[in-house]
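Visitor: Using only what follows, build the 3D model:
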Amino acid sequence: MPTHAETGTILMSTHTIAEPQPKKTKQRPLAGEVALITGASSGIGAATAQELARRGARVVLAARRQDELEAEARAIARLGGEALVVPTDMSDAAQVARLAERAIEHYGRVDILVNNAGMGYDLPLARMQPEQITHITSVNLLSAIQLTRAVLPGMLERRHGAIICVASVAAHIAVSPMYSATKFGLRGFARSLRREVWGTGVSVSVVSPGFIKTAMTRFRKRAPGPELIARTIACLVTHPAGEAMRPRYYRPTTWVEQGFPWLVDRLIGPWMAK
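Guide: Model prediction:
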């Protein structure tokens, strides 16, 4: 069971060098926008924060590990950006609510929300403890729903906003009961919310990464870096679409799952049962 160094206390660190009212340009299309990224201490979240900052956004960094968030904030400052650090345990609903409050208190609004926080357990369901089931569901799914609900009213009022949910290829191909369950749920949440807010000026998109070089996939020797997903997320902010799968070579595999699930059962079942 993962341990959490944080209590309910929210800490903050800012690095500011941007002008109060920056103008959007071709090189900085997100100038003046406020982006909140969860799971921002490493991997896809950290790469996304840097990519959005590079494109002009002011970023709010959320994750459990304050020291790593501070390092990311310094890296963003070196890029000429601005970052607000809010250490948050995404399994704690009170801390998730406080995260949204701090972002809005500091910047006045959230224009871009990237629901990226995620985790997994390398355990079969029969060996998982009840608290582990609750924990992974809270981090991967419930925190994203709660955070979206917190920032969505302001986006709807301004008729401006982008919500990106980072799911997984495992949200298309069931390979792990709890991980796939939460990622299927996140994908379903985002796809249905996209339809609910259609025509309001708020876009909702899903990114489904395959194996990407992160702390969760250290065993994969050959995989693209998180920058691929970060660029995809940034593009979805400015050019909204329902869903993007990266790398693209995973898409035929998902078609096989949809069209011939019995075949995938026979291929994956023996591997998962080992």
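
Visitor: quick one: which helix or strand includes residue 152?
Guide: helix 143-158 (DSSP states H and E).

Visitor: spatially speaking, which residue is in the middle of this protein?
Guide: Nearest residue to the geometric centre of the chain (CA atoms, centre = their mean): residue 116, 1.4 Å.

Visitor: so that one touches residue 46, yeah?
Guide: No - using CB atoms under 8 Å, residue 116 makes no contact with residue 46, being 9.6 Å away. The C-beta positions use only the backbone N, C-alpha and C, and glycine is treated the same way.

Visitor: packing partners for the helix holding residue 152?
Guide: strand 34-38, helix 93-107, strand 112-115, strand 161-166, helix 177-196, strand 202-209 (3 or more CB pairs under 8 Å, 6 or more residues apart in numbering; DSSP states H and E).

Visitor: how about 7 Å then?
Guide: Packing partners of helix 143-158 (3 or more CB pairs under 7 Å, 6 or more residues apart in numbering; DSSP states H and E): helix 93-107, strand 112-115, strand 161-166.

Visitor: most packed of these?
Guide: Ranked by mean neighbour count, the helices and strands packed on helix 143-158 are led by strand 112-115 with a mean of 29 (mean count of other CB atoms under 10 Å).

Visitor: elements contacting that one?
Guide: strand 34-38, helix 143-158, strand 161-166.

Visitor: Following element in sequence after it, please.
Guide: helix 130-137.

Visitor: tell me which residues in that following helix are buried?
Guide: For helix 130-137, the neighbour count (16 or more other CB atoms under 10 Å) marks 132, 133, 135, 136, 137 as buried.

Visitor: Distance from it to the middle of the chain?
Guide: 19 Å (CA atoms, centre = their mean, to the nearest Å).

Visitor: sorry, back to before: for residue 97, find the nearest of the helices and strands packed on strand 112-115.
Guide: Across the helices and strands packed on strand 112-115, residue 97 has its closest neighbour in helix 143-158 (6.3 Å, CB to CB).

Visitor: can you list the residues that contact the closest one?
Guide: 38, 90, 93, 96-97, 99-100, 109-110, 113, 115, 117, 161, 163, 165, 186, 189, 197, 200, 202 (CB atoms under 7 Å, 6 or more residues apart in numbering).

Visitor: sorry, back to before: so which of the buried residues of helix 130-137 would you say is closest to residue 232?
Guide: Using CB to CB, the buried residues of helix 130-137 come closest to residue 232 at residue 136, 24.3 Å.

Visitor: The closest one: what's it in contact with?
Guide: So residue 136 contacts 119, 120, 121, 178, 182 (CB under 7 Å, 6+ apart).

Visitor: so residue 41 makes contact with residue 72?
Guide: Yes - between residue 41 and residue 72 there is a contact under CB atoms under 7 Å: 6.5 Å.

Visitor: Any chance of the helices and strands packed on strand 112-115 in CSV with mean pLDDT and distance to residue 231 as columns?
Guide: Listed next are those as CSV, based on pLDDT from 0 to 100; distance: least, CB to CB, whole Å:
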stretch, mean pLDDT, distance to residue 231
strand 34-38, 98, 14
helix 143-158, 98, 21
strand 161-166, 98, 12
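
Visitor: Scan the contacts of residue 136 and report the most crowded one.
Guide: Using other CB atoms under 10 Å as the neighbour criterion, residue 182 leads the contacts of residue 136 with 27 neighbours.

Visitor: where's that one relative to residue 125, distance?
Guide: 13 Å (CB to CB, to the nearest Å).

Visitor: cool, residue 155 as well?
Guide: Applying CB to CB to residue 155 and residue 125 gives a distance of 37 Å.

Visitor: Which one of the two is surrounded by more residues?
Guide: The residue with more neighbours, out of residue 155 and residue 125, is residue 155; 23 against 12, by other CB under 10 Å.

Visitor: farthest-separated two in the contacts of residue 136?
Guide: Spatial extent of the contacts of residue 136 (CB to CB) is set by the pair 121 and 182 at 11.0 Å.

Visitor: ok so, going back, how about the helices and strands packed on helix 143-158, which one is nearest residue 229?
Guide: It is, among those and with distance given as CB to CB, strand 161-166, at 7.2 Å.

Visitor: just checking, residue 49 touches residue 74?
Guide: No - the criterion here is CB under 7 Å, and residue 49 misses it with residue 74 at 12.0 Å.
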